[in-house]
Structures are given as structure tokens and as C-alpha cells.
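Enquirer: Show me the folded form of this:
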Amino acid sequence: MITRQEIESTYDLVRSLYEADDIPWVLGYSGGKDSTATLQLVWLALEGMPEMIRNRKPIYVISTDTLVESPVIARWVERSLDLIREQADAQKMPFITHRLTPKVTDTFWVNLLGRGYPYPRATMRWCTDRLKISPSNTFIKSVVSAYGEAILLLGTRKAESAHRAQNMERYEKMRVREYLSPNGSMRNSLVFSPLEKWTSDDVWFFLLQYENPWGYSNKDLLNLYRGATEAAECPIITDLSTPSCGKSRFGCWVCTLVEKDKSMEAMIVNDSQKAWMLPLLDFRNEIGDSERDWERRDFRKMHGNLFLQKDHLIHGPYRREIREEWLRKLLRVQKEINENGLEECRDMKLITVDELNKIRQIWLEEKHEFCDSLPDIYREETGEELPLEYCGRIPYGKEEWDLLKQVCSQEEESGEEQLSFELAYRLIDVESRFSSLQKRKGIYTRLGEEIRRCIYSNEADALDYALKRQRRRAEYGEEEWALQDGNISDAREEWDVSAERDAE
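Expert: Next up, the predicted model:
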């Protein structure tokens, strides 16, 4: 267990590094125990210094809100940032808070419901970089751009895992300054991990024995971890043989990188006041249902190409009806929580208006779904009108969509031509978009892409084509196949250029 003398020594180290130069610090704060301990450690170390010295440079406290954080944690962090801001001003401390969010094009719902990305998994972890890493790196780069350098303070600890210890030790060997490791993902920035040798119990000892300097209760933080632990137990000091509350993990409520969200499950079981979170858990489990996921996705990849693995097609993005169904359910869950949840949940938004407008734009422009169903879905599920921001030209609407679907329904019902409706609405939408342009350069290329995308009768036909293509590649060999495939591509490109010239 860490001693008070060791904590005092860490204070001295923090003060020494802080006074050594004018490089600004950027402290990552998630509201969890490690980042809270890091901020508290730095705050207590600096508060005894003369005001002029401790304010010689800024310490940016950044917190990244993925917009799908666990609602309990999101509210906790929001209130904490407000207190940090208030007390930093009152105590004349150098802390400047920033709440970061991903770009609207990178959010979870825009990618899952808008583009139809399959839910994140170990083999396709598209969420972490977009939702967490990119917003933080963008901010750090802006600091580096303004000051030339930056020092990043993290609550990482070697005791977290063997992999974490190995990674930290690897960068320790590259140090050019004592206690400051190079940032492997960004130039002109160094990493300082003041808790690198602490255990989880050391962190809790520090948080519970030293008062939080910005007025937030560390005991409430302990209770938050306890509530997210099975059986609501936290033997952090009395029984070192039992996993402590530090094993609890908080993150996005939609996270599907784990099979079960045990933290959310424990919160619901351990606290009757958190029963309002049950619809969130149910919806998260539906999205992450691996047994049903294959049938919910298109047999083609995002851009219409086919990908074979073990003589089976690897399915791509979610189909239109699945995306629309999930948007309805998300809005229903939001409405249910607003109406039946706690008072503090009355204005909770699980998806923002900006995200809804971006999803609508993607459905119209990239998916060519000119039925424009999103405003109707929003109205039907919320009873309100969506503030529309997308001002693109929409020549057709639901009436034309339904008529076209009716015309194509006979072929699709027979099972022989299941893509006839999709081909028709994609071609019509592409043509209508180019009809408003004075120069129609590129229209034949776009039409050709849509025809090639929907050239198959159904999935069985597409699989048969892909298998024959694979056999031809094996028969001719890679070099000969690449040559033939290249000649075909060149011929197509030559035809496209000639057709575009005629269109002009």
C-alpha cells in the first residue's frame, strides 16, 4: 500500500517537472478513478506554490464525450467539469477545462445508422479512433501548433495489465527526459504518467484519504464503482485477495466490444433507481446480437463489391429497413427515458439533432433513398417536427418511391430479381441529381457504378459469380489475372471517358 511519504514525494516530482519549462500540460480526464487521482494529485501538488509560479503556464483538462457515454457517467463528468472550472477560478489555479466531442461525421449513430457500419467488434473496431482518439489528438495538435510542444498527463498504470506495463516500459527506454516518455502517436509531445507505479488500491487510498480539491465527493465516486460491480462489493483495502472496485469499467452504453455490459447490468441490479437504464441495455444487446447480425446486413460491401471468405460472401452494411427500425427504437427509448426516468433524465438526448440531419443527408446522397423517411420517423416516434438543416435538392419523395416499389414488387416477390427496386431507385436518383447540373460530366461513370452494384439477381447469383471469379484467378495465376483484370478496367475507363464526352 502506498504511504503518505511516497505521495509527498510524488508531489515534489510534479512540482519539479511543472517548474522545469514553459511547455503547457494537457491532462486527460474521464471522471474515472485513475484520471480523478491524476488531476487531484497535480492540483494538491501545485496549490501550495506561489500564485505567480503555479500560473506560469496552462494545464488543459480535456474530457472526451463520445455522445454515447453511459448516462450516469456522462452526468457525473459534466457536473465535475463545472466544479473544476469554478474552483480553478476561485482558487486561482491554472486548470482550463475542455469538453471534446467527435465530429458529426464520426459519431456512433451517424456511422451505424447512417452509413450502416456493422456494430464494432474486435475485428472491426471502427469506434475508438473516431469517438475518442481523434477528438483528443485534434486538441493536442492545436496546443502543439500554438506552443510548439505539449506534455500529456495520463492516469495510466503498469498494474492495469501486462500489456499496459509492457507498452509503458517500451516507451520508457526511449525517454530523453526523466519521467517523460515520447508520445508514440504524435510528434512534439511527451507523456507523463504520475501514477505509473500505483496499484488500484493505492489510487483508492489516495482518493479516500485526501479531500477532493474541487469539491466533488470521492466517496460518491467509490459508490459509483461499487454500484457497477457484481454483488455491489468493493473490498479495496480490507481484502487484497479479492478484485477491487478498480476492476469495474465504464464506457459507452452501446459498447459491443464486450459480450455483456456487466457494469450496466450491475448498476440496474444493485440500484432500483437505475431501472430506467434497462431499455438502454436491451437495445444495446439487440444491436450486438451476433447470431442475427448476418441476416441484417447486405451481402455486398459498402461500395457494392463482393468479398469471399471460405466460399461465403462477407456481408457488409446494414440494410435500409434495419437502419430505419433501429432509429425508431432509439427514439422510442429516448422518449421512454424522458417520460418515465428520473427528473434529471427529462431532457436526455440519446441522439442529437445534428446527427439526425447528417444521417438524413447520408441516406439521401450516399444511399440514394429519396423516400426521405427520416423526418417522418422522427415525427411518428416523438410527436415533434425535426428541425431540418439539409438543403439539398430532393426532386422526388415518398409518393414516387412507393409507386416505383409497387412496379418492381412483382419481380422481387418471385425471388428472381431481388435488386430490381434498388437498381431502379439508385439510377433514378443519380439521373435526377445530374439533371440540375449544366455539365453532366461523370454521369455515365456513376450510372455504370450503380448498374455494376445491382447486376446480380440475388445473393446466390452474386456468390456464384464470386466463386467463378475466384476459380478463374486460381486458373490463370495472379500475374495473368491482374493483367486481364487490368485490361478490363482500362476498357471500362475508356468507355466511361468516351460516354462522358458525349454527355457534354
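
Enquirer: Arg452 and His303 touch, don't they?
Expert: No - Arg452 is beyond contact range of His303, at 10.0 Å (criterion: Cβ atoms under 8 Å). For glycine as for every other residue, the C-beta is placed from the backbone atoms N, C-alpha and C.

Enquirer: And the strands in the chain?
Expert: 25-28, 59-64, 95-100, 150-153, 181-182, 189-192, 308-309, 312-313 (DSSP state E).

Enquirer: For Leu224, find the nearest of the ones you listed.
Expert: strand 59-64 (15.8 Å; Cβ to Cβ).

Enquirer: Quick one: mean pLDDT over the closest one.
Expert: The average of the pLDDT scores along strand 59-64 is 97.

Enquirer: hmm, who's touching it?
Expert: 24-31, 39, 42, 77, 81, 84, 94-101, 131-132, 135-136, 139, 143, 153 (Cβ atoms under 8 Å, 6 or more residues apart in numbering).

Enquirer: ok and that strand relative to strand 95-100, angle-wise?
Expert: Strand 59-64 runs at 20 degrees relative to strand 95-100, counting by axes from the mean of the first three to the mean of the last three Cα atoms, to 10 degrees.

Enquirer: Direction included, what does strand 59-64 pair up with?
Expert: strand 25-28 (parallel), strand 95-100 (parallel) (DSSP bridges).

Enquirer: ok, and what's touching the last one?
Expert: This points to strand 95-100. 27, 39, 43, 58-65, 78, 81, 84-85, 88, 135-136, 138-139.

Enquirer: low pLDDT regions in the stretch 351-500 of the chain?
Expert: Scanning the stretch 351-500 of the chain for pLDDT under 70 picks out 391, 412-416, 436-438, 478-500.

Enquirer: quick one, helices of it?
Expert: 353-365, 374-382, 398-413, 420-435, 443-453, 459-476, 478-503 (DSSP state H, counting those that start in this stretch).

Enquirer: which residues sit against the first one?
Expert: Among residues not part of helix 353-365, those counted as contacts by Cβ under 8 Å, 6+ apart are 67, 104-105, 107, 109-110, 113-115, 320, 323, 327, 369-370, 372-375, 378, 386-390, 392, 394.

Enquirer: what does the shortest one give?
Expert: The contact list for helix 374-382, computed with Cβ under 8 Å, 6+ apart, reads 324, 327-328, 331-332, 334-335, 356, 359-360, 363, 384-386, 388, 398.

Enquirer: out of those, who's nearest Gly48?
Expert: The nearest one, if we look at these relative to Gly48 and count by Cβ to Cβ, is Gln334, at 46.8 Å.

Enquirer: related to what we said a few turns ago, just the buried ones from the contacts of helix 374-382?
Expert: Glu324, Leu327, Leu331, Gln334, Lys335, Leu356, Ile359, Arg360, Trp363, Leu386 (16 or more other Cβ atoms under 10 Å).

Enquirer: Is it possible to get TSV of those that adds distance to Leu17?
Expert: Compiled in TSV, these are given as follows (distance: Cβ to Cβ, whole Å):
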residue	distance to Leu17
Glu324	54
Leu327	49
Leu331	49
Gln334	45
Lys335	50
Leu356	45
Ile359	45
Arg360	49
Trp363	51
Leu386	50
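
Enquirer: Show me which pair in these is furthest apart.
Expert: Maximum distance among the buried ones among the contacts of helix 374-382 (Cβ to Cβ): 21.6 Å, for Lys335 and Trp363.

Enquirer: Which of the contacts of strand 59-64 are buried, as a ChimeraX select command?
Expert: Entered in ChimeraX, the line below selects the buried ones among the contacts of strand 59-64, by 16+ other Cβ under 10 Å:
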select :24,25,26,27,28,29,30,31,39,42,77,81,84,94,95,96,97,101,131,132,135,136,139,143,153
